[in-house]
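need the 3D shape of this:
(2 chains)
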Amino acid sequence: KNEVEQSPQNLTAQEGEFITINCSYSVGISALHWLQQHPGGGIVSLFMLSSGKKKHGRLIATINIQEKHSSLHITASHPRDSAVYICAVRTSGTYKYIFGTGTRLKVLA
Amino acid sequence: DTGVSQNPRHKITKRGQNVTFRCDPISEHNRLYWYRQTLGQGPEFLTYFQNEAQLEKSRLLSDRFSAERPKGSFSTLEIQRTEQGDSAMYLCASSLTRGSYNEQFFGPGTRLTVL
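You can find the predicted model right below:
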């Protein structure tokens, strides 16, 4: 079992839909990082958080440390949101990341 | 551009050849990380440096792999006697030892294809 699990693995949505991507982890962490990866490989930082909730534009990230779970929400989804969304955790006492396998999102116009 | 840069962006090589990749981190960042990503998977940790010191290496980093950061700035990752299983995207990231998050910033990656 992977230490960081994401669901769903693939998601297709219609433009305008509300989207939720989930991340569960089994290790102690000091922070969790949501990343976006486009075809070609480039990785963009979305949020880094260790508690509560963060919002940026149409994106919202929440984390529940007790339940070892985080969610990434996209409101009013748009085709340009199509990408792979990756959850990465920085484990307690280290600086390296452990990554989930990613959620491939496709938003249809 | 002040982000993390990697060169080359693409490398095609024949099995058995040696390859070397370069990563230039964000200039004031003292930590530098190498990850490997195969198709359809999330990245996997290979190694990381704090300044010029290599502090941790994954078991994935076989004796054919070596990484250096000689002056605490850019880093190189060399793969000797490449195998087809080495085909992957090699990602570099950097971070600064300050603040609670130690957020990592990623380069565009080097895609390696071993024929």
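
find the nearest non-adjacent residue to B:G85, please.
B:V114 (7.9 Å; CB to CB, 6 or more residues apart in numbering or on different chains). For glycine as for every other residue, the C-beta is placed from the backbone atoms N, C-alpha and C.

at the contact with chain A, which residues of chain B appear?
Within reach of chain A by CB under 8 Å from any CB of the partner chain, chain B has these residues: B:31, B:33, B:35, B:37, B:40-45, B:48, B:50, B:56, B:89, B:91, B:93, B:95, B:100-106, B:108-109, B:111.

okay, and which of those residues map to strands?
Secondary structure from DSSP state E places B:31, B:33, B:35, B:37, B:44-45, B:48, B:50, B:56, B:89, B:91, B:93, B:95, B:105-106, B:111 of the residues of chain B next to chain A in strands.

buried subset of those residues?
Neighbour-count burial (16 or more other CB atoms under 10 Å in any protein chain shown) applied to those gives B:31, B:33, B:35, B:37, B:44-45, B:48, B:50, B:89, B:91, B:93, B:95, B:105-106, B:111.

disregarding residues adjacent in the polypeptide, which is nearest to the residue of chain A found nearest chain B?
Closest contact between chain A and chain B, by CB to the nearest CB, is at A:F99 (3.4 Å). Nearest residue to A:F99, sequence neighbours excluded (CB to CB, 6+ apart): B:G42, at 3.4 Å.

what's the answer for A:I29, then?
A:V89 (4.4 Å).

which stretches of chain B have low pLDDT?
B:1, B:99-101 (pLDDT under 70).

do you know how far B:C92 is from B:I26?
Noted for B:C92: a distance of 11 Å to B:I26, by CB to CB, to the nearest Å.

would you agree the residue nearest to A:F99 is in contact with A:G100?
Yes - between B:G42 and A:G100 there is a contact under CB atoms under 8 Å: 5.3 Å.

which one of those two is surrounded by more residues?
Remark: of B:G42 and A:G100, A:G100 carries more neighbours, 28 against 22, as counted by other CB atoms under 10 Å in any protein chain shown.

how about the contacts made by that one?
By CB atoms under 8 Å, 6 or more residues apart in numbering or on different chains, A:G100 lies in contact with A:N2, A:V4, A:E5, A:Q6, A:C23, A:I86, A:C87, A:A88, B:G42.

then A:N64?
A:N64 sits next to A:S70 when contact means CB under 8 Å, 6+ apart.
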